[in-house]
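**Student:** any chance you could fold what I've pasted below:
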Amino acid sequence: MLLAIEQGNTNTLFAVHDGEAWIAQWRAATDSSRTADEYAVWLSQLLHMAGLQFGVLDACIISSVVPQSIFNLRNLARRYLHVEPLVIGENADLGIEVRIDKPSEAGADRLVNALGAHIVYPGDLIVIDSGTATTFDVIAADGGFEGGVIAPGINLSMEALHSAAAKLPRVAIQKPQRVVGTDTVGAMQSGVFWGYVALIEGLIARIKAERGTPMTVIATGGVASLFHGATTAIDHFDPDLTIRGLLEIHRRNTAART
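**Tutor:** Numbering: from 1, shown residues only. Alright, predicted model coming up:
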């Protein structure tokens, strides 16, 4: 069984694959100071609740955008699973070409998403990942990663609005019924929500115009579902894009070693 760990700036996903399907998934707040032993205590309880234990896990793959956490996640795999994990950006061969000026700067999560999208959707792609940051990545029809756009995430924008303006409250992000708000909360929600819809639609249109070819748009990430039904610019909402990419990378590297 495979333990896949996908760590973003805000949340960390732990998922178990039994060779045929994903059988368990859990999320924890990302904390770069959390030790391998602390992860183990938390994870062992969740495994037990799912009828599993560390002993059945015989492989691990890690993707993290928090470099200071990789040491502890690697130790979790070594100490409690007794395996050497595949780590994106270190000892894992993704099998895709990174066509940007500085390939080493491409985030692990963006490359994993690129592969997860390419193996399912044909043609040129735009992958939108909505998390702490909102990224728009371009993947060529042959799977090559060709760059993208990085913008502040919707939660980050809402928090910045509250922090920088003394009279503006902290509000929940949701789709407002009207574009024009009739009170402060409604106006803030509309500005952030519909402002992000406009950002998404505008950048998709500009990327497509610059490329000059038909492109399929896939959205993933923690808050992607918020925009479901709010725009026709997104063709598919795919919450499993990242873990699908991790599974494919694990399979390719396992096959290469046998």
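
**Student:** where does this structure have its least confident helix or strand?
**Tutor:** Lowest by mean pLDDT, DSSP states H and E among the helices and strands of the chain is helix 154-164, with a mean of 75.

**Student:** show me how far the helix or strand that that helix is followed by is from its chain's centre.
**Tutor:** As assigned by DSSP states H and E, the chain's next helix or strand after helix 154-164 is helix 184-211. On the basis of Cα atoms, centre = their mean, to the nearest Å, helix 184-211 sits 20 Å off its chain's mean C-alpha point.

**Student:** try stretch 239-249
**Tutor:** Taking mean C-alpha positions (Cα atoms, centre = their mean), stretch 239-249 and its chain are 10 Å apart.

**Student:** again with stretch 141-156
**Tutor:** The answer for stretch 141-156 is 11 Å, by Cα atoms, centre = their mean.

**Student:** quick one: end-to-end distance for it.
**Tutor:** Chord length of stretch 141-156, first to last residue, is 32 Å (Cα to Cα, to the nearest Å).

**Student:** low pLDDT regions in the stretch 101-250 of the chain?
**Tutor:** The model of the stretch 101-250 of the chain has pLDDT under 70 over residues 162, 166-168.

**Student:** contacting residues around Arg252?
**Tutor:** By Cβ atoms under 8 Å, 6 or more residues apart in numbering, Arg252 lies in contact with 93-95. Glycine gets a C-beta too; all of them are placed from N, C-alpha and C.

**Student:** 6 Å instead, please
**Tutor:** By Cβ atoms under 6 Å, 6 or more residues apart in numbering, the contact set of Arg252 is Gly95.

**Student:** list the buried residues in the least confident helix or strand of the chain.
**Tutor:** For helix 154-164, the neighbour count (16 or more other Cβ atoms under 10 Å) marks 154-158, 161 as buried.

**Student:** can you check stretch 120-131 too?
**Tutor:** Of all the residues in stretch 120-131, those buried under the rule 16+ other Cβ under 10 Å are 120-121, 124-131.

**Student:** quick check: the farthest pair among those?
**Tutor:** Asp124 and Gly131 (23.0 Å; Cβ to Cβ).
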